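Chemist: The sequence and its predicted three-dimensional model are supplied below.
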Amino acid sequence: MHDHHPGWPNLLAWLADHGTNLAHHVHSEARAVEFGYGLFALKDLPPSTPLLTIPAAALLNSITLAPHYPKAKPQLSSVQIISLHLLLHRPHSAGTESSLDPLFGPYISVFPINFDTHPLTWYWKRRRGTTLTDSPGVWLLDQLTPFVKRDLERAATTFQADWERVQAYLRKRPEVLKTATNPNAQRLLDDPESVGEDYLWAWLNVNTRCIYYRIKETKSDPDNLTLCPILDFMNHSSVEPSVIPRAFSADIWDMAPSKNAAEDMVLMSPSQKTVLAGEELYLRYGYHSNQFLFVEYGFSNPVSEQGILCGDEQSDVDVTPVVEDLFKSRGVFGEWMKERLLEEGYWGGWTLHSAPAPAHPSWRLITALRLYHAFPAGAVKLESITDREATLDVWREVVNGERASISDENEAVWRETLLRLCQKIEEEAADRVASLPPLAKGRDDGAVEAMSPCIMSLWDEEKYVAKAVLQSIRDGVSF
């Protein structure tokens, strides 16, 4: 017997009420896995079999919510309105109750009870002054890589901005709170701090479970997303063949979707293989680095040293924080170089890559380091460089492909800086990988078992990618 999700029967009944043909359009079920639940095939599924069809009315997005929320200026984003709805209708009593939302209650009832193992939860609780003994995993924040910490701060800033926008909306539209079935929501205007954890739960559900769904005129609009029942039971895999949504008409014809005829979500089984009955079905959350997966979704993939060094495994590391420190060390002159990089669109987003082989720095990183070394190393004041505009013009010629390099000397020094940067990353990662297991020993707080391997993978990825780029530099690879 399999341990099924307790809310599965109610979810299927709710979907049937919304028009899903359970006999012909649901070929899977949610079952317990090591950490949470996964979706498993109920029968053999040949390649590209329609796996399930979710009616548009059962999708939780800005379209289905719009009739139930007064309009606002500026308009709430998709993330904000969906997370607001989840906040208002979060099941209470720590998972012993179902959501009482009259619109999406059976669907919301199968969402995770909490996100105690998500790094943003640790970050948020530490900001509130939660002690290490009160909250699982908060101590693991100190074990994260510097680059992941930086990205986590970015996610926290986005979360806080969304939370403040939702609060502002409710201050203008307090009548919305009368619809809430979550009793905690009634305290929101008087004591928003006490409801922050509810909004964090709601926001993380949106951030970790939404998928692309064409709503807006342009395909790239960030509001093109939805929560989709059943689909969000699927776990991520970077190696297993994945389920994919059938292409939407609006995307095929690259036109704005019809306002009066939203499309159903049709999920297709993997095109590369037959999925056998009892096998787990996976989604691929995109080709993202472990840093991104950890900060956004709360997990990371195992990494192979040999796979990264050979270029068979695609990994990348964002080294923006350490490069920013280089420019800060140059004082006013470093600030001037930052402004020039911003003007040209090359500030930040500096990465190292293991694939395609040979391992290499990004063009953005090379461009920044070339500018950094285009001027004398000791220059910290603008007036100390009289020909900076002429030098800047030469750098721009390289950026625009009009010349191969600033000079042979410039190529040598930026490569030397990159070498030292990679050495530093590799050495620090090796030290942290060795120190983490002793720190975790004896901390039986529930988060360690789940998250320690993820954090180890983050450090391993940085170590192996830095090592691979180091080898390319020493081999004289031309980037």
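Modeler: Thanks, I have it.

Chemist: give me the element Ile113 is part of.
Modeler: Ile113 is part of no helix or strand, with elements assigned from DSSP states H and E.

Chemist: brain fart, Glu29
Modeler: Residue-wise, Glu29 maps onto strand 28-33 under DSSP H and E.

Chemist: Contacts for the helix or strand that that strand is followed by, please.
Modeler: Heading C-terminal from strand 28-33, the first helix or strand you meet, by DSSP H and E, is strand 36-41. If you take C-beta atoms under 8 Å, 6 or more residues apart in numbering as the criterion, strand 36-41 is touched by 2, 5, 27-32, 112, 230-231, 233-235, 269, 275-281. The way it works is simple: take the backbone N, C-alpha and C, and place the C-beta from them, glycine included.

Chemist: could you dump strand 36-41 to PDB, C-alpha only?
Modeler: C-alpha atoms of strand 36-41 as PDB (Å, rounded to 0.1, in the frame of the first residue of the first chain):
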ATOM      1  CA  GLY A  36       7.000  15.400   1.100                       C
ATOM      2  CA  TYR A  37       5.000  14.000  -1.900                       C
ATOM      3  CA  GLY A  38       5.500  13.100  -5.500                       C
ATOM      4  CA  LEU A  39       3.300  12.300  -8.500                       C
ATOM      5  CA  PHE A  40       3.300   8.700  -9.800                       C
ATOM      6  CA  ALA A  41       1.900   7.100 -13.000                       C
END
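
Chemist: Any idea how far that strand is from the middle of the chain?
Modeler: Using C-alpha atoms, centre = their mean, to the nearest Å, the mean C-alpha position of strand 36-41 is found 21 Å from that of the whole chain.

Chemist: Now that strand: average pLDDT?
Modeler: For strand 36-41, mean pLDDT is 84.

Chemist: Going C-terminal from it, what's the next secondary structure element?
Modeler: By DSSP H and E, the next helix or strand past strand 36-41 is strand 50-54.

Chemist: packing partners for that following strand?
Modeler: Judged by 3 or more C-beta pairs under 8 Å, 6 or more residues apart in numbering; DSSP states H and E, strand 50-54 is in contact with helix 22-25, strand 265-268.

Chemist: worst average pLDDT in those?
Modeler: Looking at the helices and strands packed on strand 50-54, the bottom one is helix 22-25 with a mean of 64.

Chemist: In the stretch 201-350 of the chain, where is pLDDT below threshold?
Modeler: Within the stretch 201-350 of the chain, the stretches with pLDDT under 70 are 239, 259-261, 286.

Chemist: can you give me the helices in it?
Modeler: Assigned helices in the stretch 201-350 of the chain, in chain order: 249-252, 290-297, 305-310, 320-328, 331-344 (criterion: DSSP state H, counting those that start in this stretch).

Chemist: Same list (the ones you listed) but as TSV, adding mean neighbour count and distance to Asn21.
Modeler: Formatted as TSV, the helices of the stretch 201-350 of the chain follow (neighbours: other C-beta atoms under 10 Å; distance: least, C-beta to C-beta, whole Å):
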stretch	mean neighbour count	distance to Asn21
helix 249-252	14	21
helix 290-297	22	31
helix 305-310	16	43
helix 320-328	16	49
helix 331-344	15	54
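
Chemist: okay, the ones you listed in TSV with distance to Ser194 next?
Modeler: As requested, the helices of the stretch 201-350 of the chain are exported to TSV (distance: least, C-beta to C-beta, whole Å):
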stretch	distance to Ser194
helix 249-252	41
helix 290-297	26
helix 305-310	46
helix 320-328	34
helix 331-344	40
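
Chemist: got the contact list for stretch 11-22?
Modeler: Contacts of stretch 11-22 (C-beta under 8 Å, 6+ apart): 5, 26, 52-55, 57-58, 105-107, 109-110, 229-230.

Chemist: Lowest-confidence entry in the residues you listed?
Modeler: Scoring these by pLDDT puts Val26 last, at 63.

Chemist: Can you give me the distance of the residue most central in space within the chain to Ala250?
Modeler: The chain has Glu296 as the residue nearest its centroid, 2.8 Å off, counting by C-alpha atoms, centre = their mean. The gap separating Glu296 from Ala250 is 25 Å, by C-beta to C-beta, to the nearest Å.

Chemist: go on, Pro453?
Modeler: In terms of C-beta to C-beta, Pro453 sits 40 Å off from Ala250.

Chemist: What residues of the helix or strand hosting Val148 count as buried?
Modeler: Here Val148 sits within helix 146-172, counting by DSSP H and E. Using 16 or more other C-beta atoms under 10 Å as the test for burial, helix 146-172 gives 147-148, 150-152, 155-156, 159, 162-163, 165-167, 169-170.

Chemist: just those residues now: which is nearest Arg90?
Modeler: Val166 (13.6 Å; C-beta to C-beta).

Chemist: wait, isn't the closest one in contact with Ile82?
Modeler: No - using C-beta atoms under 8 Å, Val166 is not in contact with Ile82; the gap is 10.6 Å.

Chemist: returning to what we had before: and Glu97, which of the helices of the stretch 201-350 of the chain is closest to it?
Modeler: Taking the helices of the stretch 201-350 of the chain one by one with C-beta to C-beta, helix 290-297 is closest: 26.4 Å.

Chemist: report the angle between the axes of that closest one and helix 146-172?
Modeler: With axes from the mean of the first three to the mean of the last three C-alpha atoms, to 10 degrees defining the directions, helix 290-297 sits at 20 degrees from helix 146-172.

Chemist: looking just at contacts, which helices and strands does helix 290-297 meet?
Modeler: Right, helix 290-297 is packed against helix 119-127, helix 146-172, helix 196-209, helix 447-474 by 3+ C-beta pairs under 8 Å, 6+ apart.

Chemist: roughly how far apart are Pro361 and Val469?
Modeler: Taking C-beta to C-beta, one finds Pro361 at 6 Å from Val469.

Chemist: what does Glu296 give?
Modeler: From Glu296 to Val469 the distance is 24 Å (C-beta to C-beta).

Chemist: likewise Arg340?
Modeler: 25 Å.

Chemist: what do you get for Pro47?
Modeler: For Pro47 relative to Val469 (C-beta to C-beta), the value is 38 Å.

Chemist: more crowded one of those two?
Modeler: Val469 (28 against 13; other C-beta atoms under 10 Å).

Chemist: surely the more buried one meets Leu418?
Modeler: Yes - Val469 lies in contact with Leu418 (C-beta under 8 Å); the separation is 7.3 Å.

Chemist: ok, what's across the strand from the closest residue to Tyr213 other than its chain neighbours?
Modeler: For Tyr213, the nearest residue in space outside its immediate sequence neighbours is Thr226; the separation is 3.8 Å by C-beta to C-beta, 6 or more residues apart in numbering. For Thr226, the beta-bridge partners are Ile211 (DSSP bridges).

Chemist: burial of Thr226, as a residue count?
Modeler: Count around Thr226 with other C-beta under 10 Å applied: 25.

Chemist: can you check Thr121 too?
Modeler: Neighbour tally, Thr121, other C-beta under 10 Å: 23.

Chemist: Correct me if wrong: it contacts Pro112.
Modeler: No - with contact defined as C-beta under 8 Å, Thr121 does not count as touching Pro112 (11.1 Å).
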